[in-house]
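Student: pasting the sequence and the predicted coordinates here, then a few questions.
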Amino acid sequence: MEVQTTPLEGLLLVRPRVFGDARGSFSETWNQRAFDEAVGEEVRFVQANESRSKAGVLRGLHFQAPPHAQGKLVRVVQGKVLDVAVDVRKDSPTFGQHHAALLTAENRWQFFIPPGFAHGFATLEDDTVFHYLCTNLYHPESEGALLWNDPDLGIDWGLDAPVVSDKDAQAEAFATFESPFVR
């Protein structure tokens, strides 16, 4: 497994080894021991989700508040996304900063987003399949969102007019956000 750190503490890019031959390829997309070693602690996933979207769809920026906070390991099974995580840990030196990663079926990068980050992604190809493992079960009462196009966050999604849900279009501005997360 290849591991890359990011400028935001805790966010990791991981890529499984791929074995190819004339028949195609094989990769081990998840290994508990190898992942725990890469992260430096035990991470337990309890829920798996998958979405399929056309090009130009933007989902996010979502989080679940403690005590139901979720960490996520995300990857693209088919297509391409720009994946973004925003640090919302109020005592973090990188509070309010974001990191973006290009995830594709071809490059096979996976993005680990621990609790304390808002997360979103924009699909860059039709019929994109996005898969994520979560460290906590979905808890609707703990759900929160930041406005995807908030100028205070300054995220360049690479899309002129993304398709967003009504809920995401009315998410909270970062300037009024009172974070429930600590580092």
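Tutor: Cool, got the structure. In this text, all values refer to a predicted model and were calculated from it rather than measured experimentally.
Student: buried ones in the longest helix along the chain?
Tutor: As assigned by DSSP state H, the longest helix anywhere in the chain is helix 32-39. By 16 or more other CB atoms under 10 Å, the buried positions in helix 32-39 come out as Phe35, Ala38, Val39. Glycine gets a C-beta too; all of them are placed from N, C-alpha and C.
Student: any idea how far that helix is from the chain center?
Tutor: Put simply, helix 32-39 sits 18 Å off its chain's centre (CA atoms, centre = their mean, to the nearest Å).
Student: out of the buried residues of helix 32-39, which comes closest to Ala48?
Tutor: Phe35 (14.5 Å; CB to CB).
Student: mind checking how far the closest residue to Arg44 other than its chain neighbours is from Glu42?
Tutor: Using CB to CB, 6 or more residues apart in numbering and skipping the chain neighbours, the partner closest in space to Arg44 is Thr135 (6.3 Å). Distance check for Thr135 against Glu42: by CB to CB, to the nearest Å, it reads 10 Å.
Student: the residue positioned nearest the centre of the chain: helix or strand, and which one exactly?
Tutor: In the chain, the residue lying closest to the centroid (CA atoms, centre = their mean) is His119, at 4.8 Å. Counting by DSSP states H and E, the secondary-structure element that holds His119 is strand 117-123.
Student: following element in sequence after that strand, please.
Tutor: Downstream of strand 117-123 (by DSSP H and E), the next one is strand 128-134.
Student: so Leu11 sits against Phe111, correct?
Tutor: Yes. If you go by CB atoms under 8 Å, Leu11 and Phe111 touch, sitting 7.3 Å apart.
Student: between these two, tell me which one has more neighbours.
Tutor: With other CB atoms under 10 Å as the criterion, Leu11 and Phe111 differ in neighbour count, and Phe111 comes out ahead with 26 against 20.
Student: so that one is in which element?
Tutor: Per DSSP H and E, Phe111 falls inside strand 110-113.
Student: for that strand, packing partners?
Tutor: Contacts defined by 3 or more CB pairs under 8 Å, 6 or more residues apart in numbering; DSSP states H and E place strand 110-113 against strand 12-15, strand 72-78, strand 80-87, strand 98-104.
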